[in-house]
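Colleague: attaching a predicted model along with its sequence, questions to come.
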Amino acid sequence: MPDKIMLIIKCAKCNSKIFKYEKAGKGRVLNCWFDRIKKDYSVTEDENKKCKCGSVIGTIGIKGVKMKQGTFTESGTRVN
Ligand SMILES: [Zn+2]
């Protein structure tokens, strides 16, 4: 089993929560897969995922959100 990390993804502009996300393995968050988003605080507008402040943090695809680099911060704790 790869390490799992529970990430809190926040808006880089206003520091509001965007997702609670269960990430497997190391490396940057490029996509947030829908089945691993445990809590979604974001706003959906057309194909965009936005913070409530209006900042676009990603675009919605078939299986997940393609994250826009530089628009969010992440902090995490290992869960297993
Ligand atoms: Zn924001």
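Modeller: Looks like it came in fine.

Colleague: what does this structure have sitting close to the ion?
Modeller: Proximity of the chain to the ion (CB under 5 Å from the ion) is limited to residues Cys11, Lys13, Cys14, Ser16, Cys51, Cys53, Ser55. For glycine as for every other residue, the C-beta is placed from the backbone atoms N, C-alpha and C.

Colleague: and the residues you listed as a markdown table, adding neighbour count?
Modeller: Below are those laid out as a markdown table (neighbours: other CB atoms under 10 Å):
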| residue | neighbour count |
| --- | --- |
| Cys11 | 21 |
| Lys13 | 14 |
| Cys14 | 11 |
| Ser16 | 13 |
| Cys51 | 22 |
| Cys53 | 11 |
| Ser55 | 17 |
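
Colleague: among the residues you listed, which ones are in strands?
Modeller: Restricting these to those inside strands, with DSSP state E as the criterion, leaves Cys11.

Colleague: out of the residues of the chain next to the ion, which is nearest to Lys63?
Modeller: Using CB to CB, Cys51 comes nearest to Lys63 of these, at 21.7 Å.

Colleague: distance of the closest residue to Lys13 other than its chain neighbours from Gly25?
Modeller: Leaving out its chain neighbours, the residue that sits closest to Lys13 by CB to CB, 6 or more residues apart in numbering is Ser55, at 4.8 Å. With distances taken as CB to CB, to the nearest Å, Ser55 is found 27 Å from Gly25.

Colleague: before we move on, what about Ile60?
Modeller: For Ile60, the distance to Gly25 - CB to CB - is 23 Å.

Colleague: the two: which is more packed in?
Modeller: Counting neighbours by other CB atoms under 10 Å for Ile60 and for Gly25 shows that Ile60 has the greater number, 15 against 8.
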